[in-house]
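J.: Coordinates for the following, if possible.
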Amino acid sequence: MKLKQIKRLLEESEWKLGILLNGFDDLKENRVKWISNGIYKNKWFADPFILDFDDKQVKLLVEEFDYSIHRGRIAKLVIDRESWTITDSKIILDLKTHLSFPMIWRENEHVYVCPENYQSGGWNLYEYKECANSLEFIKQILPEKLTDATIFKDGTDYYVLSTYEPTPNGSKLTLWKSDSLFGDFSKIEEKSFSENIARNAGAIFSHEGKLLRPAQECNKSYGHAISFQTVSINKGQFEFQEEFRYYSTHPKYQRGTHTFNTYKGLAVIDVHKLRFSFLGGLYVSFKNLLVKLHLKRPFEIK
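T.: Numbering: from 1, shown residues only. As a prediction, this is how the structure comes out:
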């Protein structure tokens, strides 16, 4: 095995999903229903978005990462609400390039999905076809290597908010604007933060009369925590102010958290740990020591 492959294995993450029955309020009170993967042992699921739910099950769109192929795909999960176990997983989009963060946008009784696929060189819009359990390509929204991009609508204006390669986990958030979901988006501004909290951790949502943007805190590592930022919009200009920062409270998955999404009062998050906790922990600690001694540049996991 090559040194590069060993390094990748030692830094490899394993993710776990959690459901919050009362949305954002449950996150603050640490009331999380942690999800068991059930029979799906050689893979993990992350970047969750809520597709639908009832009193018996929750349906999510997620990144499915199978260790045997080492590439992200978009999957639809069914979670049983009695056992909080994944009972079904179906791949709904599989490309030759890595897929993740299947952002859901609902409009005119249609469900659209815009997954991250920066390796393809663009950010694309798909429509979810429930009967076929698949995503149908509609158009490319932007020819940019966007990372965890989201859409937000203010009045009649549509906005795309995203970081992008080659600095996806940094301090700069870029915004694009269009008068139609299917129109052309033009870059309008870049917002700079004093720390690495630009990358999205989910879609903007409303809570107690405020707009909140979940953002990833990547100061220590990718997906270290979630920064919840109030959003103010004045004549098309966006301002963000952190209100609350969430760190993983799972007893084992404490390396970080990087996704929060809510739909009709229900919310979902993810948390992660090193796949090989002991050896990976030794390697990461050694690497961090080299950084402190200025013998190695900080490494940014993508």
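J.: and Asn30, how many neighbours?
T.: 10 (other Cβ atoms under 10 Å). C-beta coordinates here come from the backbone N, C-alpha and C atoms, glycine included.
J.: Surely it forms part of a helix?
T.: No. Counting by DSSP: H, G, I helix; E, B strand; the rest coil, Asn30 is not part of a helix but coil.
J.: from what I can see it touches Thr249, true?
T.: Yes. Counting by Cβ atoms under 8 Å, Asn30 does reach Thr249; the two are 5.0 Å apart.
J.: Okay, and Leu27 sits in which element?
T.: Here Leu27, judged by DSSP states H and E, is contained in helix 24-28.
J.: ok, and for stretch 75-89, which residues are buried?
T.: Ala75, Lys76, Leu77, Val78, Ile79, Asp80, Trp84, Ile86, Ser89 (16 or more other Cβ atoms under 10 Å).
J.: between those residues, which is closest to Lys96?
T.: Distance to Lys96 across these (Cβ to Cβ) is lowest for Ala75, with 16.8 Å.
J.: Specify the beta-bridge partners of the closest one.
T.: Val62, Ile91 (DSSP bridges).
J.: how near is it to Leu99?
T.: 10 Å (Cβ to Cβ, to the nearest Å).
J.: okay, and the common contacts of those two?
T.: Glu63 (Cβ atoms under 8 Å, 6 or more residues apart in numbering).
J.: In the stretch 1-150 of the chain, what residue spans correspond to helices?
T.: Ranges of helices within the stretch 1-150 of the chain are 3-10, 24-28, based on DSSP state H, counting those that start in this stretch.
J.: hang on, I meant the stretch 151-300 of the chain
T.: According to DSSP H, counting those that start in this stretch, the helices that the stretch 151-300 of the chain contains are 277-292.
J.: Show the pLDDT at the closest residue to Tyr246 other than its chain neighbours.
T.: In this structure, Tyr246 finds its nearest non-sequential neighbour in Ile226, 4.6 Å apart by Cβ to Cβ, 6 or more residues apart in numbering. Note for Ile226: predicted pLDDT of 99.
J.: from memory Ile226 sits against Glu217, does it?
T.: Yes. Between Ile226 and Glu217 there is a contact at 6.8 Å, judged by Cβ under 8 Å.
J.: what residues are shared contacts of the two?
T.: Counting by Cβ under 8 Å, 6+ apart, the residues touching both Ile226 and Glu217 are Arg245.
J.: picking up where we left off before, which one of the buried residues of stretch 75-89 is nearest Phe152?
T.: Out of the buried residues of stretch 75-89, the member with the shortest distance to Phe152 (by Cβ to Cβ) is Lys76, at 24.1 Å.
J.: quick revisit: by mean pLDDT, show me the worst of the helices of the stretch 1-150 of the chain.
T.: helix 3-10 (a mean of 62).
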